[in-house]
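Engineer: build the 3D model from these lines:
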Amino acid sequence: MIRLIASDIDGTLVPDGTDRIDPEMMDVIRALKERGIVFAGASGRQFLSMKKLFQPVWQDMYYITDNGSILRSAGKILKKHVIPRTTLFELIRDAKRLPDCDIMLCGEDAAYCEEYSEMFYWLRDSYKFNVKVLGDFETYLQDDIVKMSIYQKDTAEATVNRWFAPKWREQFNIASAGTMWMDIVQYDADKGSSLRELQEQLGITPEETMVFGDNLNDIGMLKAAEYSYAIGSARDEVKKTAKYLAPPLSEYGETQVLKELIRALDAERESRQTDPAQ
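Structural biologist: Below is the predicted model of the structure:
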């Protein structure tokens, strides 16, 4: 029986960098809760952005935020992975050597950049981030940082993979979070490790877990669930990892799968009620 469902956000539930979520998802999450199933959002987004996206049901969920660096219930942080400060500034110096890239740093409740830029306005206006302009990171940054993101329109993955990722990959988890984003988190932090932590805390097994994703940063999470779905518009690497394929985001594929799950659960319950011998 399914007891936990975890879903990526951008590219799976909403088009990248938007808040255009299927309105039916709120009713689906409520229906899952009524049937004893926990729902968790798992994203590179910060908690505030996800809270706004799921506003009608935000208190009924768990949150894997910042690409797995923070695991939260609606009320408290359950686990957090902080990037050591000295190493963080080494990462920043290297990232600044990448051509035409911008940098975002994510703390517990706020994100930071050095200047007003296309990235800043997109984060603030589309992702609905709590994002602040600091100026020079090494001079003004005070917050603990759980994730660094490198932004470059359409080609971030190729740019970062030329030399930055090979240099740092043994120390950090570096993964694509969309065509414009590469996320850097602690080596033991990703969506998969946070999902396994949530499973442990709730006493739920991988065999009782269903997961949806579309990008490389979802692969660890897909491997932590027996019922792993790649959304129909997912990358090929994700489709090869997942055991099942959902319809594409343009058809609200995840909503379709979850509504079918709810119908199946209700049919099973009705069958048990009409035939006590089962």
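Engineer: these two touch, right, residue 103 and residue 150?
Structural biologist: Yes - Residue 103 is in contact with residue 150 according to Cβ atoms under 8 Å; the separation is 6.2 Å. To be clear about C-beta, it is placed using only N, CA and C from the backbone, and glycine gets the same treatment.
Engineer: more crowded one of the two?
Structural biologist: Counted by other Cβ atoms under 10 Å, residue 103 and residue 150 do not tie: residue 150 has more neighbours, with 27 against 20.
Engineer: how about the helices in the stretch 51-200 of the chain?
Structural biologist: Secondary structure of the stretch 51-200 of the chain (DSSP state H, counting those that start in this stretch): helices at 85-95, 118-125, 137-140, 156-162, 164-168, 191-202.
Engineer: just put the ones you listed in JSON lines and tack on mean pLDDT.
Structural biologist: Compiled in JSON lines, these are given as follows (pLDDT from 0 to 100):
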{"stretch": "helix 85-95", "mean pLDDT": "96"}
{"stretch": "helix 118-125", "mean pLDDT": "94"}
{"stretch": "helix 137-140", "mean pLDDT": "96"}
{"stretch": "helix 156-162", "mean pLDDT": "95"}
{"stretch": "helix 164-168", "mean pLDDT": "97"}
{"stretch": "helix 191-202", "mean pLDDT": "97"}
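Engineer: please enumerate the strands of the stretch 151-278 of the chain.
Structural biologist: Ranges of strands within the stretch 151-278 of the chain are 172-176, 181-186, 209-213, 227-230, 244-245, based on DSSP state E, counting those that start in this stretch.
Engineer: rewinding a little: let's have the helices of the stretch 51-200 of the chain in TSV, adding mean neighbour count.
Structural biologist: Putting the helices of the stretch 51-200 of the chain into TSV (neighbours: other Cβ atoms under 10 Å) gives the following:
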stretch	mean neighbour count
helix 85-95	15
helix 118-125	17
helix 137-140	13
helix 156-162	17
helix 164-168	16
helix 191-202	21
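Engineer: right, and these - which one's nearest residue 72?
Structural biologist: Closest to residue 72 of those is helix 191-202 (Cβ to Cβ; 9.5 Å).
Engineer: ok, and what's touching the closest one?
Structural biologist: 3-4, 6, 8, 38, 40, 42, 62, 64, 67-71, 78-79, 204-206, 209, 211, 213, 217-225 (Cβ atoms under 8 Å, 6 or more residues apart in numbering).
Engineer: check stretch 89-105 too.
Structural biologist: The contact list for stretch 89-105 (Cβ under 8 Å, 6+ apart) reads 83, 88, 111-114, 117-119, 123, 131, 137-138, 141, 143, 145, 147-152, 156, 159-160, 164, 167-168, 172, 184.
Engineer: against residue 53, how distant is the nearest residue to residue 252 once chain neighbours are set aside?
Structural biologist: Among residues not flanking residue 252 along the chain, residue 22 sits closest, at 4.3 Å (Cβ to Cβ, 6 or more residues apart in numbering). Per Cβ to Cβ, to the nearest Å, residue 22 is found 11 Å from residue 53.
Engineer: more neighbours, those two?
Structural biologist: Between residue 22 and residue 53, residue 53 has the larger neighbour count (other Cβ under 10 Å), namely 21 against 17.
Engineer: just the pLDDT for the more buried one.
Structural biologist: Here the pLDDT value assigned to residue 53 is 96.
Engineer: check contacts around the nearest residue in space to it that is not next to it in sequence.
Structural biologist: Spatial nearest neighbour of residue 53, chain neighbours left out: residue 19 (5.5 Å); criterion: Cβ to Cβ, 6+ apart. Going by Cβ under 8 Å, 6+ apart, residue 19 touches 52-53, 126, 128.
Engineer: wait, which of these is closest to residue 33?
Structural biologist: When those are compared for distance to residue 33 (Cβ to Cβ), residue 53 wins out at 17.2 Å.
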